[in-house]
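**Q** sequence plus the predicted model coming up.
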Amino acid sequence: VQVARAPSQPLAGSESRRFTNKHSRKALKASLTLGILLGMFFVAWLPFFVTNVAQAVCGCVPAGFFDVLTWLGYCNSTMNPIIYPLFMRDFKRAMGKFLPCCRRSGEPRPSAISLSVRNSNSGPRAAASLKNVL
């Protein structure tokens, strides 16, 4: 006995494959970004921490070498704002709203007043009248 397929089944299958492919690409890109960030972190800070432990145990690390490793870690902190916009479109869009060098010509600049009102708790509240407060 054969069951006849409804015409919507192949379409649903292709849509689910497209949906899966789209999300798997996003997951792959997120994994790649996370891998790069963690890799950069370990490359920059692991020598510092190993040297720090060695210095505590034997005291045999020259001060100049320790300073170089400390600055290598600091360089990692300066690389994060470069890595994030390269791999994350949402981060790039958010930074473009607030940095004048990254803003598109048609986008309006947010005013300081709108930013302070948006970030404060002084906006309108539901049912906050003088009668309810007293």
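**A** Good, I have the coordinates.

**Q** could you report the neighbour count for Ile83?
**A** 15 (other C-beta atoms under 10 Å). (C-beta placed from N, C-alpha, C; glycine too.)

**Q** separation between it and Tyr74?
**A** Between Ile83 and Tyr74 the distance, using C-beta to C-beta, to the nearest Å, works out to 15 Å.

**Q** ok, now which ones touch the closest residue to Thr33 other than its chain neighbours?
**A** Once flanking residues are discounted, Thr33 sits nearest to Phe87: 4.2 Å by C-beta to C-beta, 6 or more residues apart in numbering. By C-beta atoms under 8 Å, 6 or more residues apart in numbering, Phe87 lies in contact with 29, 32-33, 36.

**Q** quick one: which of those residues is nearest Leu99?
**A** Leu99 lies nearest to Thr33 out of these, by C-beta to C-beta, at 20.4 Å.

**Q** the host helix or strand of the closest one packs against which elements?
**A** Using DSSP states H and E, Thr33 sits within helix 8-58. With contacts defined as 3 or more C-beta pairs under 8 Å, 6 or more residues apart in numbering; DSSP states H and E, helix 8-58 has these neighbours: helix 63-87.

**Q** which is the next helix or strand following the helix it packs on?
**A** With DSSP H and E, the next secondary element past helix 63-87 is helix 89-98.

**Q** what is that following helix packed up against?
**A** Counting by 3+ C-beta pairs under 8 Å, 6+ apart, helix 89-98 packs on helix 63-87.

**Q** and the helix it packs on, which residues are buried?
**A** Across helix 63-87, burial judged by 16 or more other C-beta atoms under 10 Å covers 69, 73, 76, 84.

**Q** surely Thr70 meets Phe48?
**A** Yes - the pair Thr70 and Phe48 passes the contact test of C-beta atoms under 8 Å, sitting 6.1 Å apart.

**Q** name the spans of the protein whose pLDDT lies under the cut-off.
**A** 1-19, 102-134 (pLDDT under 70).
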